[in-house]
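Chemist: Just need the structure, nothing else, for what follows:
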Amino acid sequence: MSNMMGMKEKKSIIIVPEQAAQKAEHSRHRHKGPRLLTILLSILALMALIHFFIAAYITGATPPVSDCMALIRSTDYTQVVHLQTSQEMDAVQFVDSLTGGQPAALVSVTNAGSQNALDVYVYSCTMQKHIPKLNSLFMQRGLVQGTVAISSQNTLITSELDPLASPQDSTVEQPLQQNIYREYAWRNGTFVQIAFPSLYPVVSRGEAEALQQEADTGQILPWSDPYITAEQMAKDILNWPDNNPQDAVLSNDGTTAKVKLVQQNPGLDVTVILKRLVEQNSKGLWFVVGAQTAGITLKSVGQSSQPTGQQQGLPLHVSSLTFQGTGLLADGQTTTTLFDHTLTPLNLNGVSLSVDGNGAYSGTLSYAQIAPGQQGILLIQSLPPAGSTEVGQLLLTSVILG
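Modeler: So this is what the prediction gives:
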């Protein structure tokens, strides 16, 4: 009996592994189909992904972008500007600070040839129905021997060789004066040309920053002293004689200075305001930003263009500068002088000036044969008649010509 029981127990022990093996075999057969299908689907997905990347590489296609930052940085600008074989594109600059923080790119293209003309573009991006679209913000083409730069004030500065300058001009002008500098600032979603505050010794930020670089490298320039700068301005612009003993520095806080210039015959007492416009430290150069007597004001300055054609003997494409203000001498001798970007007086084609009994004045100056968009200065003087005890009036202001 005991042997029979032992045999039964042994038999039961043998049966249990057989049942487990059968169950495992059944489980393998049950999962074999779905597992194989999963592997096949994974292989097909991988092949499709590889095919996509190969096609993208061959065709040069890029994945679609969903935001402006990605679009500005991934765009092929050679296609946007239609780059030709005779052109060469400089490295694209990303200039978000130029446009108030929104993504933007500065693209410059040099054209082959003796003039090395430069084309300048600025692009930004706008979202249209949740899709980023490239947007052109700025374009200038054909800048002869041109340059483009971003100033320390995050403005755009372009320059070109003055196309109307004669070969003789290059022998008497400084290298900086041979170029026309134009400055553009971001205002209310667009670029607008602005006037640099300086009236002397230069009238553009591009020239001022170049002069400051010369000073920083150790060159001795007269513009490092506000008094000397004001005195030299009186000689070069006002055509005054040597220094008057009554000339004096009225104030100087290190960044802004006031200098009094006195002329006795005819009597003029001019206050010159100077500022360190580029660097506000001991190496910063001084630039004249204002010069006028106490009694004169300028209310407005405007530009206009006359129709194409001959009118009263004037040449084609004549521009006009209009201005008005108060404080001139009703019985005085009033003159106006317009200077170009080299601080050279322009030959005016026509002058119309009136002063009423209260000293209110208005005038129009017509001029031609200059490259448009350059910055200059306007000088208005009203001197008393001989023997009069009146004090003359004078005002110097910046203007953008053309």
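
Chemist: how about low-confidence regions in the protein?
Modeler: Within the chain, the stretches with pLDDT under 70 are 1-34, 49, 51-63, 114, 166-176, 305-317.

Chemist: In it, which residue is most central in space?
Modeler: L156 (1.1 Å; C-alpha atoms, centre = their mean).

Chemist: Just list the residues touching the residue nearest to I72 when sequence neighbours are not counted, thanks.
Modeler: Closest residue in space to I72, ignoring its immediate chain neighbours: P103 at 4.2 Å, by C-beta to C-beta, 6 or more residues apart in numbering. All C-beta spots, glycine's among them, are computed from the backbone N, C-alpha and C. P103 is in contact with C68, M69, L71, I72, R73, F94, D96, S124, C125, counting by C-beta atoms under 8 Å, 6 or more residues apart in numbering.

Chemist: Enumerate every residue touching the third one.
Modeler: Pointing back at L71 there. The contact partners of L71, taken as C-beta under 8 Å, 6+ apart, are V65, P103, C125, P132, K133, L134.

Chemist: tell me the SS of it?
Modeler: Secondary structure, DSSP: H, G, I helix; E, B strand; the rest coil: L71 is helix.

Chemist: give me the element the closest residue to it other than its chain neighbours is part of.
Modeler: Ranked by C-beta to C-beta, 6+ apart and with sequence neighbours excluded, the top spatial neighbour of L71 is P132, at 4.2 Å. Here P132 sits within strand 131-143, counting by DSSP states H and E.

Chemist: Give the other helices and strands that that strand contacts.
Modeler: Contact here means 3 or more C-beta pairs under 8 Å, 6 or more residues apart in numbering; DSSP states H and E; on that basis strand 131-143 packs against helix 68-74, strand 118-128, strand 156-161, strand 190-194.

Chemist: mind running it again at 7 Å?
Modeler: Judged by 3 or more C-beta pairs under 7 Å, 6 or more residues apart in numbering; DSSP states H and E, strand 131-143 is in contact with helix 68-74, strand 118-128, strand 156-161.

Chemist: Other residues contacting that strand?
Modeler: Strand 131-143 has contacts (C-beta atoms under 7 Å, 6 or more residues apart in numbering) with 65, 67-68, 71, 75, 80, 99, 104, 117-126, 156, 158, 160, 184, 191.

Chemist: Narrow those to those that are buried.
Modeler: Those of these that meet the buried threshold are 65, 68, 71, 75, 99, 104, 117-125, 156, 158, 160, 184, 191, by 16 or more other C-beta atoms under 10 Å.

Chemist: mind listing the helices for the stretch 1-150 of the chain?
Modeler: For the stretch 1-150 of the chain, applying DSSP state H, counting those that start in this stretch gives helices covering 2-59, 68-74, 77-80.

Chemist: you'd agree E214 is in a helix?
Modeler: Yes. Assessed by three-state DSSP, E214 belongs to a helix.

Chemist: Now do the contacts for it.
Modeler: Applying C-beta under 7 Å, 6+ apart, the residues near E214 are L221.

Chemist: Distance of it relative to A208?
Modeler: 11 Å (C-beta to C-beta, to the nearest Å).

Chemist: cool, and S124?
Modeler: 28 Å.

Chemist: now do G295
Modeler: Per C-beta to C-beta, G295 is found 30 Å from A208.

Chemist: ditto for N179
Modeler: According to C-beta to C-beta, N179 stands 13 Å off from A208.

Chemist: tell me the domain ranges of the chain?
Modeler: 68-194, 206-292, 297-401 (automatic domain parsing).

Chemist: What is the burial count for the residue nearest to L71?
Modeler: Neighbourhood size, P132 [other C-beta atoms under 10 Å]: 20.

Chemist: which residues does it bridge with?
Modeler: M127 (DSSP bridges).

Chemist: Correct me if wrong: W223 contacts W286.
Modeler: Yes. Contact criterion C-beta atoms under 7 Å: W223 and W286 qualify, at 5.4 Å.

Chemist: If you count surrounding residues, which of those two has more?
Modeler: Neighbour count, other C-beta under 10 Å: between W223 and W286, W286 has more, with 27 against 23.

Chemist: Contacts only, for the more buried one.
Modeler: Counting by C-beta under 7 Å, 6+ apart, the residues that W286 touches are W223, D225, P226, T229, A257, L274, R276.

Chemist: Likewise for L378?
Modeler: So L378 contacts F323, T336, L338, T397, V399 (C-beta under 7 Å, 6+ apart).

Chemist: Let's see which of those residues end up in strands.
Modeler: F323, T336, L338, T397, V399 (DSSP state E).

Chemist: picking up where we left off before, which one of the contacts of L71 is nearest A234?
Modeler: Closest approach to A234 among those (C-beta to C-beta): P103, at 48.2 Å.

Chemist: how near is the closest one to S304?
Modeler: 38 Å.

Chemist: does E209 really touch L277, like I thought?
Modeler: No. At 9.2 Å, E209 and L277 do not qualify as touching, with contact defined as C-beta under 7 Å.

Chemist: Measure how buried Q324 is and give me the count.
Modeler: Other residues close to Q324 by other C-beta under 10 Å number 16.

Chemist: if we can go back for a sec, mind checking which of G295 and A208 has more residues around it?
Modeler: Set side by side, G295 and A208 show more neighbours around A208, with 23 against 18, by other C-beta under 10 Å.

Chemist: and that one, what does it touch?
Modeler: Taking C-beta under 7 Å, 6+ apart as the test, what A208 contacts is F196, S198, V202, L277, V278, F287.

Chemist: and if you look at S300?
Modeler: Contacts of S300 by C-beta under 7 Å, 6+ apart are F323, Q324.

Chemist: quick one: which helix or strand includes it?
Modeler: Assigned by DSSP H and E, S300 falls in strand 297-305.

Chemist: Neighbouring strands - and their directions - for that strand?
Modeler: strand 319-326 (antiparallel).

Chemist: List the buried residues of the partner strand.
Modeler: Those would be S319, S320, L321, F323, Q324, G325, T326, for strand 319-326 by 16+ other C-beta under 10 Å.

Chemist: Need the three-state assignment for A234.
Modeler: Three-state assignment for A234 (three-state DSSP): helix.

Chemist: cool, the one 5 residues further on as well?
Modeler: With three-state DSSP as the basis, N239 sits in coil.

Chemist: How many residues are close by it?
Modeler: Neighbours of N239 (other C-beta under 10 Å): 10.
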